[in-house]
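*Asks:* What follows is a predicted structure for the sequence shown.
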Amino acid sequence: MSELTDLYQEVILDHNRRPHNFRVIDGATTQEGYNPLCGDRLTLYVAMAGGVIKDLAFQGSGCAISKASASLMTDALKGKTADEARALFDQFHAMITSDHAGPTADLGKLSVLAGVREFPARIKCASLAWHTMKAAVAHHSDAPVSTE
Amino acid sequence: MAANAVSVASRPLQAAGFNVDTVRADFPILTEQVHGKPLVYLDSANTSQKPVSVLQAMDHYYRHANANIHRATHLLSERATALYEGSRAKAAMFLNAPDPHTIVLTKGTTDGLNLVAQSYGRSTLKAGDEILLTWLEHHSNIVPWQMVAEQTGAVIKVVPINDAGELDLDQYAALLSSRTKILAVGHVSNALGTINPIKAMIAQAHAAGAVVVVDGAQAVPHLVVDVQDLDCDFYVLSSHKMFGPTGTGVLYGRASLLEAMPPYQGGGDMIASVTFEKTLYNQVPYKFEAGTPNMAGVVGLGAAIDYLAGIDREAALAHEDAVLDYATTQVRQIPGSRIVGEAGHKTGVLSFVLEGVHPHDAGTILDQQGVAVRTGQHCAQPVMDRFGIPATIRASLGIYNTREDIDALVRGLHKVRELFI
């Protein structure tokens, strides 16, 4: 069960119960993310100013992993430039998909999601918010983003 | 079923009664360990496990009979053809179809439904005609009809369901009219387990002049089906949900309809003669079976039918019903649980949600304890939307499941609650 408690750490369960930035930002760019097979769905609100993410929030329903990941992401990306956000996307993606359990330096609170790599079926849950963010920052798309 | 039992090579016919331990011993995978725990397989509505006789039949086919069917003069081709056509005859017996020529061998339920939609539907539907579906259908019995509706200008109508997950039969009667040309209905709902009263529905549809297509994928592993008694026009099923291999299935069609229908796909084996000026199609059912089929799979399907023929189906269903009742009672006692789909007539499926826990998280935690369930929307998004939920946890049963399997599920669900609540 140790892998299970790695996956469902208390921090993740807390973010699931009380997600941060779980709100609407009026007038912000919105982007939908949707994994139809498991039913995870979120709407991401991104307020950019001068190439910087001024505010970031989300709404939706999903599993603990997808909700905690979205919650942690919105905390991590506020104040970052679009380029910084994309770089963090790459680092986060590497962390949750890497084959070997190495140290996960520099990712701070996001490191609690490293346990996802032991659960290949759940990587799509952890990455949904991030892929949705990437689409929102690059260019809004009418089609929902999916990681299935 | 026992009356028309076909010979069972590797397993003696059982006397009346049902012994679940004997059945479990027939399924090698059930002794598998997952995450260091004994496998508890509660996902048979997704795909069933296979008895050793099915595995042996397919192995035997490749070792002793493999050759292309219907087209060579040598001995192996004769053996392969006899086995392939033998499975067709078994399928006819299994469904009590009047003749093996009313049995089209397909890739599975989805393939069968697409065949009926594109061959029968596309050649007969006109703009304004109505195709009647139900709110319980899974995507395979929705999307092919949407495609043919778009091609022909036909209109889709949907029979609603009540809060228990049963079809609203008053609404069904009200929706039937002279415009209704096709009723496509599942015999048993994959998401909720509801058994629909299809015999009465078929009679009503026929009175309105409609042709009835029954999706039997979830029914045949549990219920004995008689297409002549039902009086349906088409009945489709998948081998892999009834203890046979993947990639093969059956379409029963009323002979007069099959005769009049145009071919579905073109290719070898479905033709009588080919010139560049004019091709003559083969007779029914071969005109619907283009190309080299899944021969080993069809042989495996025949072995699965033999397997079921060797079982007292009535006693097996009574066993399954008892396990489902037990599961329903046990899961209902878990705080925060809610059963989704409480129809008066159900088989094989327990769908539920746990308050405060997303089904996907529950699925991962159950898996770590060896318990395999499906979580999600079960390819039946409209059903989930109807109940206002994104997904359910679905425990589904096969003839090999026991009360102990349910106890393991319940222990697992308590573990889920410990972590989450």
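*Replies:* Arrived safely, thanks for sending. Numbering: from 1, shown residues only, chains lettered A, B, ... in the order given.
*Asks:* which residues in chain A form strands?
*Replies:* A:29-35, A:40-49, A:52-61 (DSSP state E).
*Asks:* Go through these and name the closest to chain B.
*Replies:* When the strands of chain A are compared by Cβ to the nearest Cβ, strand A:52-61 sits nearest chain B, at 5.5 Å. Just so you know, the C-beta spots here come from the backbone N, C-alpha and C atoms, and that holds for glycine as well.
*Asks:* ok now do the residue of the stretch 301-421 of chain B found nearest chain A, which residues does it touch?
*Replies:* Nearest to chain A, among the residues of the stretch 301-421 of chain B, is B:Pro390, at 3.3 Å (Cβ to the nearest Cβ). The contact partners of B:Pro390, taken as Cβ atoms under 8 Å, 6 or more residues apart in numbering or on different chains, are A:39-41, A:61-62, B:358, B:377, B:384.
*Asks:* And for B:Tyr264?
*Replies:* B:114-115, B:118-119, B:288, B:290.
*Asks:* nearest to chain A, of those?
*Replies:* For the contacts of B:Tyr264, the nearest to chain A is B:Asn114 (20.5 Å; Cβ to the nearest Cβ).
*Asks:* other SSEs contacting the host helix or strand of the closest one?
*Replies:* Taking DSSP states H and E as the definition, B:Asn114 sits inside helix B:109-115. Under the contact definition 3 or more Cβ pairs under 8 Å, 6 or more residues apart in numbering or on different chains; DSSP states H and E, helix B:109-115 sits against strand B:103-106, helix B:143-152, strand B:211-215, strand B:234-238, strand B:249-253.
*Asks:* Confirm for me that B:Pro387 is in contact with B:Val340.
*Replies:* Actually, residue B:387 is Phe rather than Pro. Yes: the pair B:Phe387 and B:Val340 qualifies as a contact (Cβ atoms under 8 Å) at a distance of 5.5 Å.
*Asks:* the more surrounded of the two?
*Replies:* B:Val340 (23 against 18; other Cβ atoms under 10 Å in any protein chain shown).
*Asks:* Run through the residues that contact the more buried one.
*Replies:* B:165, B:192, B:351-353, B:387, B:389, B:392.
*Asks:* now, among these, which is nearest to B:Arg403?
*Replies:* Distance to B:Arg403, by Cβ to Cβ, is smallest for B:Phe352 among those, at 17.4 Å.
*Asks:* Would you mind pulling up the elements that the helix or strand containing the closest one packs against?
*Replies:* Of the helices and strands defined by DSSP H and E, B:Phe352 is found in strand B:349-354. With contacts defined as 3+ Cβ pairs under 8 Å, 6+ apart, strand B:349-354 has these neighbours: helix B:313-332, strand B:337-339, strand B:392-396, helix B:403-420.
*Asks:* which residues sit against it?
*Replies:* B:45, B:188-193, B:218, B:324, B:327-328, B:331, B:334, B:336-341, B:359, B:362, B:378, B:389, B:391-397, B:413, B:416-417.
*Asks:* switch the cut-off to 7 Å
*Replies:* B:45, B:191-193, B:324, B:327-328, B:331, B:336-341, B:359, B:362, B:389, B:392-396, B:413, B:416 (Cβ atoms under 7 Å, 6 or more residues apart in numbering or on different chains).
*Asks:* Skipping its backbone neighbours, what lies nearest the closest residue to chain A within the stretch 101-250 of chain B in space?
*Replies:* With Cβ to the nearest Cβ as the measure, B:His139 is the residue of the stretch 101-250 of chain B nearest to chain A, at 10.0 Å. Computed as Cβ to Cβ, 6 or more residues apart in numbering or on different chains, the closest residue to B:His139 that is not its neighbour in sequence is B:Cys379, at 4.6 Å.
*Asks:* right, and that neighbour touches B:Ile142 too?
*Replies:* No: if you go by Cβ atoms under 7 Å, B:Cys379 and B:Ile142 don't touch, sitting 9.4 Å apart.
*Asks:* Identify the contacts common to those two.
*Replies:* What both B:Cys379 and B:Ile142 touch, as defined by Cβ under 7 Å, 6+ apart, is an empty set.
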